[in-house]
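Visitor: predicted coordinates and the sequence they were generated for:
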Amino acid sequence: MTLVLCSVQDQLKCFEEIKRVLKPGGKFFYLEHIIGDEGSTQQTIQKLLMTGGFWPFMADGCCLDRATDKTIETAGFEKVEQKKFQLPIPEDVPITFKVFGPILKPHVMGVATK
């Protein structure tokens, strides 16, 4: 599953379903954009764009202010291994990605084991 947990209505419910269909020891691999670090300019802009539902309306339900990295740690998996990183933005991308890319840079990738 990749870059979809930002748009599900209830992440914990989604993780419960993932755990239900995984066999014991089964692995869930994920890559998701997440909210920026506490107090960062990224986080401030992300929260501002979420005000009044602007960003979800413009981006098909995407929520910029989700701490998926923290949510998955509390979802009851036996083991969670993950790494946070800033997605690099190449110089030759369209102007829209240059404008909005910086707010989408915080990412997490990992493996959750049932």
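Guide: Right, received. Where do you want to start? Quick caveat: nothing in here was measured; it's all calculated off a predicted structure.
Visitor: all helices of the protein, in order?
Guide: 11-21, 41-50, 54-58, 68-73, 95-100 (DSSP state H).
Visitor: looking at these, which is buried most?
Guide: Per residue and on average, the most neighbours among the helices of the chain fall to helix 68-73, with a mean of 18 (mean count of other Cβ atoms under 10 Å). Glycine gets a C-beta too; all of them are placed from N, C-alpha and C.
Visitor: packing partners of that helix?
Guide: Applying 3 or more Cβ pairs under 8 Å, 6 or more residues apart in numbering; DSSP states H and E, one finds that helix 68-73 makes contact with helix 11-21, strand 27-33, strand 79-86, strand 106-113.
Visitor: any idea how far G61 is from the closest residue to F29 other than its chain neighbours?
Guide: In this structure, F29 finds its nearest non-sequential neighbour in V111, 5.5 Å apart by Cβ to Cβ, 6 or more residues apart in numbering. For V111, the distance to G61 equals 25 Å [Cβ to Cβ, to the nearest Å].
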